[in-house]
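Participant: here is the input, now give the coordinates:
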Amino acid sequence: MLEIRELETGYGKKQVLFGLSLDVCGGEIVALIGPNGAGKSTVLKAVCGLIPAWKGEIRFDGDITNGCTPAQNVARGITFAPQGSRVFADLTVMENLEIGGFQLPRNELKSRIAQMFQLFPVLKERVRQDAGRLSGGEQQMLALARALVPNPKLLMLDEPSLGLSPNLVATVFRKISEINRETGVTTLIVEQKVREVLDVCTRVYSIKLGTLAFEGAPAELRDNRAKLRQLFL
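Facilitator: Predicted coordinates:
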């Protein structure tokens, strides 16, 4: 579904990725791990069109997407839930969801939001509440739901555990696994909670200093503390 070949990009004059190549197949949950500043989030931003590829090629469903805008990529089936400010705090839960489906016809948007309420019942209970008044876990669920409203083929998540308590982290990862299982949406996750993400992903890549340091099955890292230390030092 997603093919990245020899990708080079960065910010301003600072290069962050150096010839990075990776693949994500349909139906997978793929994790991107590595130390802070390695370039993990930069991969997601390049794929969704927030930053341009300087060199290399990004293909989605066989089509080259270099130069596509984020809106064009959403229309293709790529959505992105960034880290940090996950929701529009001054808008209601419903308004946040409607923003997620801004490209959909009204009837389809209504149907997709109804499906989100089935996946995330707590959001239906809070539908008229300002998103900023939700708990941290509820805000993360809203961010996930908003990214799912357009019915994406590829869902990209940047540190969905950020700022959450251990109990909420476990809840979020259970929900990510449930969404993948029930909807089949392909998922690419950047995450610092390594052990938690290894429990839900089907394959894992590790990035270090903007290059690929590891590719393989999560079991290869889950029980290998020495290898994990090597990847993060």
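
Participant: which ones are touching Ala46?
Facilitator: Applying Cβ atoms under 8 Å, 6 or more residues apart in numbering, one finds that Ala46 lies in contact with 7, 9, 17, 52-53, 58. No exception for glycine: its C-beta is placed from N, CA and C like everyone else's.

Participant: pretty sure it sits in a helix.
Facilitator: Yes: the assignment for Ala46 by DSSP: H, G, I helix; E, B strand; the rest coil puts it in a helix.

Participant: distance of it from Leu32?
Facilitator: 12 Å (Cβ to Cβ, to the nearest Å).

Participant: hang on, the earlier thing: narrow the contacts of Ala46 to those in helices?
Facilitator: Under the assignment DSSP state H, the contacts of Ala46 contribute nothing to helices.

Participant: those into CSV, with extra columns for pLDDT and neighbour count?
Facilitator: Below are the contacts of Ala46 laid out as CSV (pLDDT from 0 to 100; neighbours: other Cβ atoms under 10 Å):
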residue, pLDDT, neighbour count
Leu7, 98, 24
Thr9, 98, 22
Leu17, 98, 27
Pro52, 96, 12
Ala53, 97, 21
Ile58, 98, 23
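
Participant: those in strands, which ones?
Facilitator: Judged by DSSP state E, the subset of these located in strands is 7, 9, 17, 58.

Participant: next, give me the two most distant ones among the residues you listed.
Facilitator: The most widely separated members of the ones in strands among the contacts of Ala46 are Leu17 and Ile58, with 11.3 Å between them, by Cβ to Cβ.

Participant: what is in contact with those two at once?
Facilitator: Common neighbours of Leu17 and Ile58 (criterion: Cβ under 8 Å, 6+ apart): 7, 46.

Participant: tell me who's in contact with Val204.
Facilitator: Going by Cβ under 8 Å, 6+ apart, Val204 touches 30-33, 197-198, 214-218, 221.

Participant: circling back to that earlier point, between the ones in strands among the contacts of Ala46, which sits nearest Ala226?
Facilitator: Nearest to Ala226 among those is Leu17, at 26.5 Å by Cβ to Cβ.

Participant: and that closest one, how close does it get to Val74?
Facilitator: Distance of Leu17 to Val74, computed by Cβ to Cβ: 22 Å.

Participant: and Leu109, by the same measure?
Facilitator: Leu109 sits at a distance of 13 Å from Val74 (criterion: Cβ to Cβ).

Participant: okay, those two: which has more neighbours?
Facilitator: Neighbour totals were compared for Leu109 and Val74, and Val74 leads with 21 against 18 (other Cβ atoms under 10 Å).

Participant: elements contacting the longest helix seen in the chain?
Facilitator: Among all segments of the chain classified by DSSP H, the helix with the greatest residue count is helix 166-183. Using 3 or more Cβ pairs under 8 Å, 6 or more residues apart in numbering; DSSP states H and E, the elements in contact with helix 166-183 are strand 29-33, helix 106-119, helix 136-148, strand 186-190, helix 194-198.

Participant: who wins for proximity to Phe80 among those?
Facilitator: helix 136-148 (6.8 Å).

Participant: show me which residues of that closest one are buried.
Facilitator: 137-148 (16 or more other Cβ atoms under 10 Å).

Participant: what about the helix or strand following that helix, distance to the chain center?
Facilitator: Next helix or strand after helix 136-148 toward the C-terminus (DSSP states H and E): strand 154-158. Average the C-alpha atoms of strand 154-158, do the same for its chain, and the two points are 2 Å apart (Cα atoms, centre = their mean, to the nearest Å).
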